[in-house]
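S.K.: Dropping a prediction and its sequence here:
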Amino acid sequence: MPEIRSMTFPEVQRLVSWANDEGWNPGLNDAECFWQLDPEGFLATSDGERFLGGGAIIRHSDDFGFMGLFIIDKAYRGQGLGTQLWFARHDKLLSRLKSGGTIGLDGVDAMVPFYQKGGFQPFTRHRRFQLNATPAGASRSAHVVPLDSVSIVAVADYDRCCFPARREEYLAKWLNQPGAVSLGYVRDGSLQGFGVMRPCIVGWKIGPLFADSLDIADALFQALQLESAGGPIFLDAPDNNRAALELCQKHQMEEVFGCVRMYLGPPPELDHGRIFGVTTLEVG
């Protein structure tokens, strides 16, 4: 009889490797970064010592959590294990939040009706765009600086306008993960946007990309392109910021994937006009 229990770090590593098998193209350091974010934020279904599947239930704060990275081993699908695990994750994460807290997730289209049965409501679409080659005209603005030249407090303050919880400790690790490029846009001593590009199994993913305007997002995007060492670049852009889609159209990026951001509970109040690319679809 399968049991549901907490995951170990090696199992999180395996789950991320399964994510690659599913075509999700995870970052090279995702397992470590996700685990450091919330070591208690993962549930597994197992049969004895056999790991059958798992998923993240990240508690970002008392008021906000995120469900993602949900995969059942292909050999054990169709047996109801996923449904059982999903509702266990749902209930466990709710128990880790204050009453009235909100949970977010990104669901593929086929799963949206299932998540709605669990109380989640669609909020906006996230579209993944791919850039295959750096345009010859890409340049770096004088206002773009290495993000480690900006205080982590200032970065976390800016991030909080675009994310439902303050995550200063996590950002310090995410920005400085091996191989990542982290840039900020500073004018008159003020941080007006930042972006992080991390190495993935294939190419790079930019996330987050937050900026005061389309022009600033574009300046960061071009500077990040110049730092990539070959391979495609991916950006997960939200539909509810039209300027984010304009950025992708300007660079003639190809849409390669889409999902729906859904919330259980009140949608977080964020500065959506600054969100040009979300951090991850797996843990928020």
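M.R.: That came through, no problem.

S.K.: Going by C-alpha atoms from here, please, whenever you check contacts or count neighbours.
M.R.: Noted.

S.K.: can you give me the strands in the stretch 1-150 of the chain?
M.R.: Under the criterion DSSP state E, counting those that start in this stretch, the stretch 1-150 of the chain contains strands at 3-6, 42-47, 50-59, 64-72, 102-107, 121-131, 144-146.

S.K.: Is it possible to get JSON lines of those that adds mean pLDDT, mean neighbour count and distance to residue 218?
M.R.: Shown next, in JSON lines, are the strands of the stretch 1-150 of the chain (pLDDT from 0 to 100; neighbours: other Cα atoms under 10 Å; distance: least, Cα to Cα, whole Å):
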{"stretch": "strand 3-6", "mean pLDDT": "96", "mean neighbour count": "15", "distance to residue 218": "41"}
{"stretch": "strand 42-47", "mean pLDDT": "95", "mean neighbour count": "22", "distance to residue 218": "36"}
{"stretch": "strand 50-59", "mean pLDDT": "96", "mean neighbour count": "24", "distance to residue 218": "31"}
{"stretch": "strand 64-72", "mean pLDDT": "97", "mean neighbour count": "23", "distance to residue 218": "28"}
{"stretch": "strand 102-107", "mean pLDDT": "98", "mean neighbour count": "25", "distance to residue 218": "25"}
{"stretch": "strand 121-131", "mean pLDDT": "98", "mean neighbour count": "20", "distance to residue 218": "14"}
{"stretch": "strand 144-146", "mean pLDDT": "98", "mean neighbour count": "17", "distance to residue 218": "11"}
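
S.K.: export those strands to CSV and tack on distance to residue 165?
M.R.: Formatted as CSV, the strands of the stretch 1-150 of the chain follow (distance: least, Cα to Cα, whole Å):
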stretch, distance to residue 165
strand 3-6, 24
strand 42-47, 19
strand 50-59, 10
strand 64-72, 7
strand 102-107, 11
strand 121-131, 18
strand 144-146, 24
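
S.K.: Nearest to residue 168, out of these?
M.R.: Closest approach to residue 168 among the strands of the stretch 1-150 of the chain is made by strand 50-59 (14.2 Å; Cα to Cα).

S.K.: Indicate each strand paired with that closest one and its parallel or antiparallel sense.
M.R.: strand 42-47 (antiparallel), strand 64-72 (antiparallel) (DSSP bridges).
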